[in-house]
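> This is the structure alone, sequence omitted:
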């Protein structure tokens, strides 16, 4: 069996590890644009100098040797012919496969902002090449504008702290990390970044960049007319799946990206997908699990991706720890919301018909273990007799007459 994996990030690397659990003899080929393995989640620590390139690596130093992988570095997939089981690479090279995993991730979407096409001093924040450029920026730039206050935008802003530059965050959303946090939890970070000197503008977009005769942006004009000085513009708002090479393949694509089921299988039985390439923004743990599930099925096992929320993030910015799970802002009045907010600790659980559909923990994540037990055991919160945030592990270990353990509240 010949397995080909495209992409060397969370999904692809963990897929290879999983493959080798079930197939020690099959040929494994890894195709990647990257020359090295690194975690995109901590790129901001490379920008700030907290980590070296080697310390971004989340795989074993001898990964390709350890797992017997033919790693084709610096290569790009440019086409796919599923009927012939052929992957087309740059340089007009063709690569055959028996099973293919597409874990090509995503790229920064460059919006059609007035004046941007004429500019040179802007970039995305997505891969190691972007960070290598940005590490040099503070040597010349003093005013940096970051478009987007999602996880990537906050990573970027954090990386520039203490580097002698002035950072401005701009986002059309009403508060930062609006997909992960409610307004109350976001306010904690907004105040903390303000204290660090980060200027923040929410509820506005960028309508124009003003460019000088040397093609350098010197000002950013926001949609409300505010003008910001800018020596370098970093775009993190919005990503697009890397599926351009699949347009003529016949594989099913949605408006977001590659379509695949809970087993990772696409519309072609020998082609699988995992990670950001779906366009559904799975965070790192979900991408890892998707890669593992797809790999198991590629090797003939039967596994499904059913044990995670569509949105789950654990973050720590400026020493403030937060966990976000599922739907944290109730969409309507059909939801029950339980809140604890005291002494810098914020806890919120959102449920519908007794089922937990979302939660937020900030300042103290110790309750996360209890929360996971409640979710895993599918406990009906409407039947809980004691205050929700007073539950502890002892509540899960009441011994029954037959010596079994059960929860009792």
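Perfect, thanks for sending it. Please read these numbers as outputs of a predicted model, since none were measured by experiment. Numbers count the residues shown, from 1 in each chain.
> now the helices: where do they sit in this protein?
Secondary structure of the chain (DSSP state H): helices located at 10-22, 43-48, 63-66, 128-134, 151-160, 183-195, 284-298, 367-376.
> Any chance of those in JSON lines with mean neighbour count, distance to residue 274 and mean pLDDT as columns?
C-beta: built from backbone N, CA, C; applies to glycine. Below are those laid out as JSON lines (neighbours: other Cβ atoms under 10 Å; distance: least, Cβ to Cβ, whole Å; pLDDT from 0 to 100):
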{"stretch": "helix 10-22", "mean neighbour count": "24", "distance to residue 274": "4", "mean pLDDT": "96"}
{"stretch": "helix 43-48", "mean neighbour count": "21", "distance to residue 274": "20", "mean pLDDT": "89"}
{"stretch": "helix 63-66", "mean neighbour count": "14", "distance to residue 274": "18", "mean pLDDT": "94"}
{"stretch": "helix 128-134", "mean neighbour count": "17", "distance to residue 274": "21", "mean pLDDT": "92"}
{"stretch": "helix 151-160", "mean neighbour count": "23", "distance to residue 274": "19", "mean pLDDT": "93"}
{"stretch": "helix 183-195", "mean neighbour count": "16", "distance to residue 274": "30", "mean pLDDT": "97"}
{"stretch": "helix 284-298", "mean neighbour count": "25", "distance to residue 274": "4", "mean pLDDT": "91"}
{"stretch": "helix 367-376", "mean neighbour count": "16", "distance to residue 274": "23", "mean pLDDT": "82"}
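> now these in CSV, with distance to residue 100?
Shown next, in CSV, are the helices of the chain (distance: least, Cβ to Cβ, whole Å):
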stretch, distance to residue 100
helix 10-22, 11
helix 43-48, 28
helix 63-66, 19
helix 128-134, 25
helix 151-160, 28
helix 183-195, 40
helix 284-298, 8
helix 367-376, 33
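> Would you mind measuring from residue 218 to residue 130?
22 Å (Cβ to Cβ, to the nearest Å).
> do residue 245 as well
For residue 245 relative to residue 130 (Cβ to Cβ), the value is 21 Å.
> For the stretch 51-200 of the chain, which segments are assigned as strands?
69-73, 77-81, 86-89, 93-96, 99-102, 106-108, 122-124, 143-147, 166-171, 199-202 (DSSP state E, counting those that start in this stretch).
> Return the most buried member of those.
Comparing the strands of the stretch 51-200 of the chain by mean neighbour count (mean count of other Cβ atoms under 10 Å), strand 99-102 ranks first with a mean of 29.
> coming back round to it: nearest to residue 228 among the helices of the chain would be which one?
When the helices of the chain are compared by Cβ to Cβ, helix 151-160 sits nearest residue 228, at 14.1 Å.
> between that closest one and strand 166-171, how big is the angle?
In terms of direction (axes from the mean of the first three to the mean of the last three Cα atoms, to 10 degrees), helix 151-160 departs from strand 166-171 by 170 degrees.
> what's the spacing between helix 151-160 and its chain's center?
13 Å (Cα atoms, centre = their mean, to the nearest Å).
> Return the list of helices and strands in contact with it.
helix 43-48, strand 143-147, strand 166-171, strand 312-317 (3 or more Cβ pairs under 8 Å, 6 or more residues apart in numbering; DSSP states H and E).
> which regions of the stretch 301-409 of the chain lie under the pLDDT threshold?
The stretch 301-409 of the chain contains residues with pLDDT under 70 at 307-311, 396-409.
> quick one, strands of it?
Counting by DSSP E, counting those that start in this stretch, the strands of the stretch 301-409 of the chain are 312-317, 320-326, 335-342, 345-352, 355-362, 398-399, 405-406.
> Adding distance to residue 231, write the ones you listed out as TSV.
Formatted as TSV, the strands of the stretch 301-409 of the chain follow (distance: least, Cβ to Cβ, whole Å):
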stretch	distance to residue 231
strand 312-317	24
strand 320-326	29
strand 335-342	40
strand 345-352	36
strand 355-362	34
strand 398-399	63
strand 405-406	61
